[in-house]
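1. A structural model of the following input is requested.
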Amino acid sequence: MDSFDLILIVTGALLILVGLGLFIFGKKDGNKNYLEGFGIKLDVSNPSIILIVAGVGLLLAPRLLPANKPAMGDTSSPLQHIVTEPQQQQSEFVTEKSTGQDNTGKEPPKQQPRHFMPQGYWQLNDYQESGVALPNVQGSISFANDSEQKRSWQANLIFMDMWGNMASYSYQGQIWVDPEGRYFISLLASNDPGFIAQPRAPLELMMEQGNMLHLAYSYRGTDILMHFMQ
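-> Numbers count the residues shown, from 1 in each chain. Sure thing, here's the model as predicted:
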């Protein structure tokens with residue numbers, strides 16, 4: 001039952017009450033007027049009959065009208081359709097936008113910096129022991145790639161004394177860098193008769209100007225500094 005049906009029922013009830021009141025308390029006119037139809041004769045001189053009949057008709061009207069008629073002012077279904085679709089589209093747009101922001105806003109994972117590690121063949125440029133340059137030393141060094149943090153090396157050094165006598169020695173070992181970026185060197189094997197293995201020593205490793213490789217470490221209390229060129 002909608003508001004329109006309720007208005008009809010209330011109006012019909014009021015008409016019936018007014019008609020009954022006029023019928024009971026009203027004065028009848030001497031001249032009677034009759035309304036005849038379908039074999040029924042009604043006295044219409046008193047308006048109470050008309051009011052009662054009209055009231056009954058209004059009371060019955062909601063039952064006679066179609067039950068599935070659209071209620072007056074009832075636009076909930078169309079409005080719901082109109083409002084729901086934009087909201088749904090807007091929510092999808094916001095979801096896609098937020099997803100796009102999430103994808104584009106994320107920074108790519110930063111790659112850890114790779115530490116410098118030499119490779120290939122290098123020619124000795126100068127050699128020092130405890131700060132003293134020894135021009136009578138010649139040689140070379142080569143590096144094999146074990147991993148990004150480790151290299152195996154092999155050096156060949158030629159020593160010449162003041163009388164022109166030469167001695168050639170080879171040395172082998174490794175250099176590596178730890179997770180904190182510190183370099184180390186190991187001297188593991190040599191044909192030098194006085195050689196003593198040194199499994200680990202701090203290493204100063206860098207590239208100087210002119211693509212010169214700088215190697216500095218301490219061996220048995222002696223500071224060794226070598227520069228190599230490719």
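2. How about the backbone phi and psi for L15?
-> Per-residue torsions, L15: phi -60, psi -40 (degrees, to the nearest 10).
3. Could you measure from it over to V132?
-> With the distance defined as C-beta to C-beta, to the nearest Å, L15 ends up 131 Å from V132. Every C-beta, even on glycine, is put in place using the N, C-alpha and C of the backbone.
4. more crowded one of the two?
-> L15 (21 against 9; other C-beta atoms under 10 Å).
5. Report the next helix or strand after the lowest-mean-pLDDT helix or strand in the chain in sequence order.
-> Every helix and strand of the chain was ranked by mean pLDDT, DSSP states H and E. The lowest is helix 76-105, at a mean of 51. Where DSSP states H and E defines the elements, the next helix or strand beyond helix 76-105 is strand 120-129.
6. List the neighbouring strands of that following strand plus their orientation.
-> Applying DSSP bridges, strand 120-129 is found paired with strand 132-133 (antiparallel), strand 137-147 (antiparallel), strand 222-229 (antiparallel).
7. Contacts for it, please.
-> Contact with strand 120-129 is made by 133-135, 137-143, 157, 212-213, 222-230, as judged by C-beta atoms under 8 Å, 6 or more residues apart in numbering.
8. what comes up buried for that strand?
-> Of the residues in strand 120-129, 122, 124, 127 count as buried by neighbour count, 16 or more other C-beta atoms under 10 Å.
9. try stretch 200-218
-> So, applying 16+ other C-beta under 10 Å, buried residues of stretch 200-218: 201, 203, 205, 213, 215-217.
10. Please put the alpha-carbon coordinates of stretch 161-180 into CSV.
-> The C-alpha trace of stretch 161-180 is given here as CSV (Å, rounded to 0.1, in the frame of the first residue of the first chain):
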residue,chain,number,x,y,z
ASP,A,161,121.5,-7.7,-8.6
MET,A,162,124.2,-5.1,-9.0
TRP,A,163,126.4,-7.6,-10.9
GLY,A,164,123.7,-8.4,-13.5
ASN,A,165,122.7,-11.7,-12.0
MET,A,166,119.0,-12.5,-12.5
ALA,A,167,116.6,-14.6,-10.5
SER,A,168,113.0,-15.4,-11.6
TYR,A,169,110.3,-16.4,-9.2
SER,A,170,106.6,-17.1,-9.5
TYR,A,171,104.0,-16.5,-6.8
GLN,A,172,100.4,-17.6,-6.5
GLY,A,173,97.5,-16.6,-4.3
GLN,A,174,94.1,-15.0,-4.2
ILE,A,175,92.6,-11.6,-3.5
TRP,A,176,89.0,-11.1,-2.3
VAL,A,177,86.7,-8.5,-0.8
ASP,A,178,84.5,-9.1,2.2
PRO,A,179,80.9,-8.0,2.7
GLU,A,180,82.1,-4.7,4.3
